[in-house]
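Q: The sequence and its predicted three-dimensional model are supplied below.
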Amino acid sequence: MSALSLVPLLALFSSMLAGVVIFALPEGRQRLRTGINLLAAVIKLFLVGVMIWGVLHQVEFGLSYEILPGVRFVLQADALAMMFAGLSAVLWLLTTIYAVGYLEDSPNRSRFFGFFSLCVASTMGIALAGNLFTFFLFYEMLTLSTYPLVVHRGTEKALRAGRNYIIYTLSGGAALLVGMIWLQGLVGDLPFQATGQLSGVDPQLHLPLMLVFVLLVGGLGVKAALFPFHGWLPQAMVAPAPVSALLHAVAVVKAGAFGIVRVVYDLYGIEFAQLLGLLQPLGWLAAFTIIYGSVRALSQTDLKRRLAFSTVSQVSYIILGTAVFGPIGTVGGLVHLLHQGIMKITLFFCAGNYAETLGIHKVHELNGAGRRMPLTSVAFTLAAFGMIGAPPLAGFITKWTLGSGALAAQMEWVIAVLVISSLLNAAYFLPVIHRLWFRPEHAWSCQRSWGRMETHSWLLWPPMITAALTLLVGLFAALPFSPLSWAELIATREYLP
C-alpha cells in the first residue's frame with residue numbers, strides 16, 4: 001500500500017476516530033470535545049486539499065481491496081469526488097463551529113457530536129467511493145449515523161420524524177441494493193469511470209439495464225428528496241438547526257443527488273443513458289419536483305419547513321442538469337452541487353440563529369427581526385436572493401448555465417421550468433425578506449443577551465462566511481478554482497469526448 005493510497009483512508013478515519021473518542025468523553029469535558037471536533041475538521045480539510053492538488057496535477061490517490069470474489073472495496077479521488085469532498089470539508093468545519101455554539105447548554109452533547117463525526121465520515125466515504133458497492137456501504141452508514149441526530153431531542157415529534165426517516169431511507173437503500181446486485185449479475189463489478197462502461201453491452205441487456213436504472217435512481221431519489229420520495233425531509237426539521245443544515249446542504253440530500261450523478265455519468269455514461277431513453281423521463285421528474293417543492297413552500301408558515309420544501313425543489317436542479325444532454329447542462333448541474341450547499345446552509349444557520357436568540361420559528365414572527373439581528377438578516381437576505389437567482393449571486397450562475405445548456409440541447413421546456421421556479425422562489429422568499437426589514441417588530445418569545453454581538457459569535461460567523469461565499473462565487477465565477485471553473489474542469493476532463 002503506497003503513501004498516496006493512505007490519504008483517502010486518513011480523510012475517512014480523521015472523522016471516524018474523532019467520533020469514537022467523543023463517544024467515550026463524559027459530558028463535562030466540553031473544551032476537550034470541542035478541540036477534538038475542530039482538530040478533526042481541520043485535518044480533514046487539509047487532506048482534501050492535498051487530494052485536490054493531486055487531481056489538478058494528475059496524481060492518483062486511491063486503493064482497491066477485494067473483499068469477496070468479484071466484489072471490491074474501492075476508494076478514488078477523481079475530480080467529481082473532490083467537488084463533493086471539498087464542499088463537505090469546508091461546510092462541515094463551519095457546521096462544527098456552529099453546532100458547538102448552538103448546543104452549548106444542551107444535554108447529550110457527546111452522543112450528538114459522536115454521531116455527527118460518523119456522519120462526516122460517511123459523507124466522505126460516499127464522495128471517495130470508487131464503485132457502487134463501496135458507495136452503498138457508506139450510503140447506508142450515513143442513514144444509521146444521521147438517525148440519532150434527527151431524534152436527538154427525544155420528543156414524541158422527533159421520534160415520529162425519526163421513524164419516518166428510517167422507513168424512507170432504508171426502503172431506498174433496499175431498492176439500491178436490489179439494483180446493485182442485479183447490475184452485478186448482468187455485467188459484474190464496475191468501477192466508477194468517466195463516460196461509463198455499459199455502452200458496449202449486448203443489446204439484449206438493454207431492457208434489464210433500464211429496469212436497473214429505475215431501481216438505482218429510485219433508491220437514490222429517496223435521499224435526494226425526488227417526488228414522491230420527499231416526505232421524510234420536511235418532518236425531519238424537528239431536529240436541531242445544525243442537523244437541518246447538514247441534512248440539506250452537505251450530507252443526506254447531496255448524497256442522493258451525487259449518487260444519481262455517479263450512476264448517469266460513471267456507470268451508464270451520458271450517451272448510453274440517452275440511447276436507452278432514460279434522460280428525458282429523469283429530467284421530467286426533476287422538473288416536476290422543482291415546481292412541486294416550490295409550490296408547497298408557498299403555504300408553509302414554519303420557517304424551517306418552508307426551507308425544507310425549498311430544498312426539495314433546489315436539489316432537483318442538480319438532477320435536471322444531469323438529465324440535460326449536453327456539456328453546458330452538465331456543468332450547470334455539477335456547479336449547483338456546490339452552490340446549493342453554500343446558499344442552503346446559510347439559510348438554515350440563520351433560521352437557527354432566529355430560533356436560538358429570539359425564539360422565532362414561524363414566518364410571521366420574523367417581523368422586524370432584521371433590525372434586531374442585522375448581520376444574520378443580511379446573510380439570510382443574500383442567500384434568499386441567491387436561491388431566487390438574482391445576479392450576481394451563486395444561484396444566478398446555476399440558472400444561467402442550466403438555461404444555456406437547455407438551449408444548446410434544444411430542450412426549451414427547461415427554460416420555462418427555470419422561469420416558473422424562479423418566480424415561485426421569489427413568491428416564498430420575498431415576503432420573508434419584507435418581514436425582516438419593513439414590518440414593525442414582533443413581540444418575540446425570548447431575547448437572549450450576547451453582549452455587543454447580535455447573537456453568540458460561534459453562531460454568527462458561520463452564516464456570515466457562507467453568505468459572503470454566496471456572493472463571491474457569483475462575482476468571481478470566471479476565475480480559476482471557482483465552483484464553475486471546477487465543474488467545467490470535470491466536464492471537459494472526464495465527461496466530454
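A: Yep, that arrived.

Q: burial of the residue nearest to residue 208 when sequence neighbours are not counted, as a residue count?
A: Excluding the flanking residues, the one nearest residue 208 by Cβ to Cβ, 6 or more residues apart in numbering is residue 186, at 5.9 Å. To be clear about C-beta, it is placed using only N, CA and C from the backbone, and glycine gets the same treatment. Look at residue 186: counted by other Cβ atoms under 10 Å, it has 15 neighbours.

Q: Go ahead and confirm residue 186 touches residue 209.
A: Yes - between residue 186 and residue 209 there is a contact under Cβ atoms under 8 Å: 6.8 Å.

Q: returning to what we had before: check what pLDDT the residue nearest to residue 208 gets.
A: At residue 186, the model reports a pLDDT of 85.

Q: One more: residue 495?
A: 56.

Q: Residue 347 too?
A: For residue 347, the predicted pLDDT is 92.

Q: any idea how far it is from residue 433?
A: 12 Å (Cβ to Cβ, to the nearest Å).

Q: which neighbours do these two share?
A: Shared contacts of residue 347 and residue 433 (Cβ atoms under 8 Å, 6 or more residues apart in numbering): 380, 384.

Q: quick one: secondary structure of residue 442?
A: Following DSSP: H, G, I helix; E, B strand; the rest coil, the label given to residue 442 is coil.

Q: Spatially nearest residue to it (excluding sequence neighbours)?
A: Nearest to residue 442 is residue 367, by Cβ to Cβ, 6+ apart, at 4.1 Å.

Q: Tally up the residues packed near the one you found, please.
A: 20.

Q: Next up, the contacts around the residue nearest to residue 208.
A: 201, 205, 208, 209, 212.

Q: picking that back up, and for residue 186 and residue 209, which residues touch both?
A: residue 201.

Q: so where do the strands sit in this protein?
A: 62-68, 71-76 (DSSP state E).

Q: and those as TSV, adding mean pLDDT and distance to residue 95?
A: TSV is the format used below for these (pLDDT from 0 to 100; distance: least, Cβ to Cβ, whole Å):
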stretch	mean pLDDT	distance to residue 95
strand 62-68	80	27
strand 71-76	85	24
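
Q: out of those strands, deepest packed?
A: With neighbours defined by mean count of other Cβ atoms under 10 Å, none of the strands of the chain is more surrounded on average than strand 71-76, at a mean of 19.

Q: Show me what it is packed against.
A: Where contact means 3 or more Cβ pairs under 8 Å, 6 or more residues apart in numbering; DSSP states H and E, strand 71-76 is packed against helix 3-24, strand 62-68, helix 109-128, helix 132-150.

Q: what sits up against that strand?
A: Applying Cβ under 8 Å, 6+ apart, the set of residues contacting strand 71-76 is 5, 8-9, 12, 60-67, 125, 128-131, 133-134, 137, 184, 189, 191-192.

Q: cool, and stretch 24-34?
A: Under Cβ under 8 Å, 6+ apart, the answer for stretch 24-34 is 22, 36, 100, 104, 107, 108, 109, 110, 113.

Q: my guess is the last one meets residue 99, correct?
A: This points to residue 113. Yes - in this structure residue 113 lies within contact range of residue 99 using Cβ under 8 Å: 7.3 Å.

Q: More neighbours: which of the two?
A: Shown here are residue 113 and residue 99; by other Cβ under 10 Å, residue 99 has more neighbours (28 against 25).

Q: Against residue 77, how distant is the residue positioned nearest the centre of the chain?
A: The centre of the chain sits closest to residue 254, judged by Cα atoms, centre = their mean, with a distance of 2.9 Å. Here residue 254 is placed at a distance of 18 Å from residue 77 (Cβ to Cβ).

Q: who touches the nearest residue to residue 422 once chain neighbours are set aside in this structure?
A: Take residue 422 and drop its neighbours on the chain: the residue closest to it by Cβ to Cβ, 6+ apart is residue 389, 4.8 Å away. Contact analysis of residue 389 by Cβ under 8 Å, 6+ apart lists 395, 396, 398, 399, 418, 422, 425.

Q: pLDDT score assigned to residue 389?
A: Taking residue 389 on its own, its pLDDT is 89.

Q: and if you look at residue 4?
A: pLDDT, residue 4: 68.

Q: if we can go back for a sec, any of the contacts of residue 186 buried? List them.
A: Among these, those buried by neighbour count (16 or more other Cβ atoms under 10 Å) are 209, 212.

Q: Tabulate the contacts of residue 186 (JSON lines), appending distance to residue 295 and pLDDT.
A: Shown next, in JSON lines, are those (distance: Cβ to Cβ, whole Å; pLDDT from 0 to 100):
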{"residue": "201", "distance to residue 295": "40", "pLDDT": "77"}
{"residue": "205", "distance to residue 295": "39", "pLDDT": "81"}
{"residue": "208", "distance to residue 295": "36", "pLDDT": "90"}
{"residue": "209", "distance to residue 295": "34", "pLDDT": "89"}
{"residue": "212", "distance to residue 295": "32", "pLDDT": "91"}
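
Q: Export the helices and strands packed on strand 71-76 as TSV, with columns for distance to residue 463.
A: Output for the helices and strands packed on strand 71-76, formatted as TSV (distance: least, Cβ to Cβ, whole Å):
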stretch	distance to residue 463
helix 3-24	23
strand 62-68	35
helix 109-128	18
helix 132-150	20
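
Q: Residue 407 touches residue 415, doesn't it?
A: Yes - between residue 407 and residue 415 there is a contact under Cβ under 8 Å: 7.0 Å.

Q: how about low-confidence regions in this protein?
A: In the predicted model of the chain, residues 1-4, 27-28, 104-105, 195-196, 238-249, 325-326, 443-453, 492-497 satisfy pLDDT under 70.

Q: hmm, what's the outermost residue in it?
A: Going by Cα atoms, centre = their mean, the residue of the chain most distant from its centre is residue 204, 36.6 Å out.

Q: ok so, going back, and the residue nearest to residue 442, what does it touch?
A: 435, 439, 440, 441, 442.

Q: Can you give me the neighbour number for the second one?
A: Applying the criterion other Cβ under 10 Å, we find 16 residues in the vicinity of residue 439.

Q: With adjacent residues omitted, what lies nearest to it?
A: Residue 439 sits nearest to residue 367 (Cβ to Cβ, 6+ apart), 3.8 Å away.
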